[in-house]
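S.K.: One predicted model, sequence on top.
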Amino acid sequence: MGHIPTATVGALAAVLTGLYFVLPDAVHFTMSVFIVAAWFLVVICWLAQKSADYMHKHSSDHEIKKKLTESQSVQTEQISAKDLEQTKIQFSTDLEDLKDRVKIKDNEIEKLKIEITNLKTLVEIESLRTELANLKMLATQENTKRKKKK
């Protein structure tokens, strides 16, 4: 089914090319424009089909599903209570430092505090690490802006 558009447009281009020699000289310019456009479409259809064929040969849905399954199994691992407590303490300390450096809305800080107390999985820990890194970046940007203004 993939080569049907290429064959159809190719047949049209061939017919137009044949008509060029049959029709009067008055329409040769118009026909040459149509012929060039038709052959261009043949090339585009052919390239699109080659691209689709290549992607079907080289993409493996099985590998993608396997990677997704592996990443999901790693993310649901539980951590020890000691590590969890250390991580909670570290996040709380980082958040308090940020609170002093950046003027963040109080409800956002409270939300993060609640999330820190409810930490249970590595996914949640990584999510909070990302949020804290973003807040640190904002703090750095704000400090840089303050220094430039002075």
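M.R.: Nice, thanks for sending it over.
S.K.: Pull the contacting residues for residue 98.
M.R.: In this structure, residue 98 makes contact with 104, 132, 135, 136, 139, judged by Cβ atoms under 8 Å, 6 or more residues apart in numbering. Heads up, the C-betas are built off the backbone N, CA and C, glycines and all.
S.K.: Just the buried ones from those?
M.R.: Neighbour-count burial (16 or more other Cβ atoms under 10 Å) applied to the contacts of residue 98 gives 132, 135, 139.
S.K.: Which helix or strand lies directly C-terminal to the helix or strand of the chain with the lowest mean pLDDT?
M.R.: In the chain, no helix or strand scores lower on mean pLDDT, DSSP states H and E than helix 61-75, which sits at a mean of 55. Moving toward the C-terminus from helix 61-75, the next helix or strand (DSSP states H and E) is helix 81-101.
S.K.: got any ranges where the protein has weak pLDDT?
M.R.: 1-2, 59-78, 100-107, 120, 122, 150 (pLDDT under 70).
S.K.: Residue most distant from the centroid, it?
M.R.: Residue farthest from the centre of the chain, counting by Cα atoms, centre = their mean, is residue 24 at 54.2 Å.
S.K.: Can you show me the helices along the chain?
M.R.: With helices called from DSSP state H, the chain shows them at 4-22, 28-58, 61-75, 81-101, 106-117, 122-149.
S.K.: Now do the last one against helix 81-101: the angle between them, please.
M.R.: Counting by axes from the mean of the first three to the mean of the last three Cα atoms, to 10 degrees, helix 122-149 lies at 20 degrees to helix 81-101.
S.K.: for helix 122-149, packing partners?
M.R.: Packing partners of helix 122-149 (3 or more Cβ pairs under 8 Å, 6 or more residues apart in numbering; DSSP states H and E): helix 61-75, helix 81-101, helix 106-117.
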